[in-house]
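S.K.: Got a predicted structure here, sequence first:
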Amino acid sequence: MRIADTQLALALSELMGDKAFPVERLGQALRQFLVRKRLTKRTGKILRALEMETNRHAGVVLVQATLAHRPTVALKETIKKKATELFGDNHTQTQVSFREDPSLLGGVRLETGSVRYDFSLHRSLTELRKSLSH
């Protein structure tokens with residue numbers, strides 16, 4: 001039976017919250033478990049899932065905003081407001097980081113670890129191409 005990365009992250013988060021183990025011992029136990037179960041290739045995904053779970057408990061939503069070009073200060077504020085509308089609520093704090101990807105051509109892509117909103121020109125053109133080819 002395969003253990004999902006999110007299940008491992010949730011279990012680790014609970015153990016960290018219980019303070020049952022010092023973090024160092026917990027890290028060693030996790031490493032030994034991953035080696036024994038031959039899951040070391042999934043370490044990065046497990047750690048990302050653990051980070052998401054830790055942020056969720058802290059009431060923080062991390063949003064990655066990708067644009068084709070460097071955004072202006074005003075555009076950053078607009079994107080932060082939209083990200084808060086899409087991903088936040090009264091009990092969470094939305095933190096937005098920005099990166100550039102010229103292949104988007106224009107628009108913006110907003111994503112968390114599990115949800116993506118793609119408002120990019122690249123996506124729009126790709127969908128148009130698909131619809132015209134059918």
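M.R.: Happy to help now that I have it. What you see is a predicted model; the values in this text were computed from it and never measured.
S.K.: elements contacting the lowest-mean-pLDDT helix or strand in the chain?
M.R.: Of all helical and strand segments in the chain, the minimum by mean pLDDT, DSSP states H and E falls on helix 5-18, at a mean of 83. Helices and strands touching helix 5-18, by 3 or more Cβ pairs under 8 Å, 6 or more residues apart in numbering; DSSP states H and E, are helix 23-36, helix 43-58. C-beta: built from backbone N, CA, C; applies to glycine.
S.K.: Out of these, which one sits most buried?
M.R.: Among those, ranked by average contacts under mean count of other Cβ atoms under 10 Å, first place goes to helix 43-58 (a mean of 16).
S.K.: Pull out the buried residues from the following helix or strand past that one.
M.R.: Using DSSP states H and E, the next helix or strand after helix 43-58 towards the C-terminus is strand 60-67. Neighbour-count burial for strand 60-67 flags V61, L62, V63, A65, T66, L67 (criterion: 16 or more other Cβ atoms under 10 Å).
S.K.: For strand 60-67, enumerate the helices and strands it packs against.
M.R.: Secondary elements touching strand 60-67 (3+ Cβ pairs under 8 Å, 6+ apart): helix 43-58, helix 73-87, strand 93-100, strand 108-111.
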